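# sequence? don't have it. structure:
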């Protein structure tokens, strides 16, 4: 592999929305696809979540076959898995996938069984039997770190209905934290989130709502499993984060609304950025 590629540590955003895809003329600038990011590190493709954004990622990866990919799941709500049946590289026999995740609490399934029943669902419009890539499953224990060659991956529990898991990816003294689908605590910062984000170069944080939306007396979002950009700023400050990424945009937040949020975020935490489809952030 080309040496310049193997030395890269970067993040690309393919889907930045939460809950449901929101395509249309009012979401063009930030994008309407659901959660999917790609971390390029040590010559590897680490893919996190399989929302509808993974479809476009798959189209760009087709030319790389044969290749080996690492696919990680935070959890298995629709907006994080619905793009997997449209991910072209899984239909190429020469490709190989290592699939990582933790089965939701309360069940006795292993990752392979859970993936086949809940991600490669019978409701999929794509014939799942056509998947030809080799699939290798890894059952993760949240809180137990592991390595893929020289890349350290740590996992942390998040506050979300049916559970969710955050990831911290570290390599050569740099760290990216993927912390989505988590709800902040009412009276203090979540110790798990602060520890996960400690001194991170990049914190990608679930900022689905504003504080006003979250606490709205007529339609509160308390208990829905998501946080706000204001809480993201608090975490970034407490954890000494170098750059905060506002992520998992609410599907009803159009481009103009997100622009307004961006102005407030930038004032509160100048070293920050709004996630949008196509954005690439480079650490090394």
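Sure thing, it's come through. Because the structure is predicted, anything quoted here is derived from the model rather than measured.
# Measure how buried residue 211 is and give me the count.
Using other C-beta atoms under 10 Å, residue 211 has 12 neighbouring residues. (Glycine included, C-beta is placed from N, CA and C.)
# Quick check: it touching residue 233?
No: counting by C-beta atoms under 8 Å, residue 233 is not a contact partner of residue 211; they are 10.5 Å apart.
# Show me the helices in the stretch 51-200 of the chain, by range?
For the stretch 51-200 of the chain, the helices defined by DSSP state H, counting those that start in this stretch cover 53-61, 111-114, 191-197.
# Among those, show the one with the smallest mean pLDDT.
Mean pLDDT values for these show the minimum at helix 111-114, a mean of 91.
# buried residues in that one?
111, 114 (16 or more other C-beta atoms under 10 Å).
# Stretch 243-253 now?
For stretch 243-253, using 16+ other C-beta under 10 Å, the buried residues are 243, 244, 245, 246, 247, 248, 249, 250, 251, 253.
# farthest pair in those?
243 and 251 (24.9 Å; C-beta to C-beta).
# And for residue 240, nearest residue in space, chain neighbours not counted?
Setting aside the residues directly before and after it, residue 240 is nearest to residue 199 in space (C-beta to C-beta, 6 or more residues apart in numbering), at 5.2 Å.
# The one you found against residue 239, yeah?
Yes: using C-beta under 8 Å, residue 199 is in contact with residue 239, at 7.0 Å.
# the more surrounded of those two?
Each of residue 199 and residue 239 has its neighbours counted (other C-beta under 10 Å); residue 239 has more, 19 against 9.
# can you pull out the strands in this structure?
Here the chain has its strands, by DSSP state E, at 9-15, 36-41, 44-48, 68-72, 96-101, 134-139, 146-148, 151-158, 164-171, 174-179, 202-206, 244-247, 272-274, 280-282.
# In its sheet, which strands sit next to the last one, and in what direction?
This points to strand 280-282. Strand 280-282 has these partner strands in its sheet, going by DSSP bridges: strand 9-15 (antiparallel).
# Contacts for the partner strand, please.
Taking contacts as C-beta atoms under 8 Å, 6 or more residues apart in numbering, the residues outside strand 9-15 that touch it are 31, 33-42, 49, 51-54, 56-57, 83, 171-172, 174, 176, 202, 204, 247, 275-284.
# where does the protein dip in pLDDT?
When residues are selected by pLDDT under 70, those of the chain lie in 1-6, 107.
# change it to 80
Applying pLDDT under 80 to the chain picks out residues 1-6, 105-108, 121-123, 128.
# What helices and strands are in contact with the helix ranked longest in it?
Determined from DSSP state H, the single longest helix within the chain is helix 255-268. If contacts are counted by 3 or more C-beta pairs under 8 Å, 6 or more residues apart in numbering; DSSP states H and E, helix 255-268 sits against helix 229-238, strand 244-247, strand 272-274.
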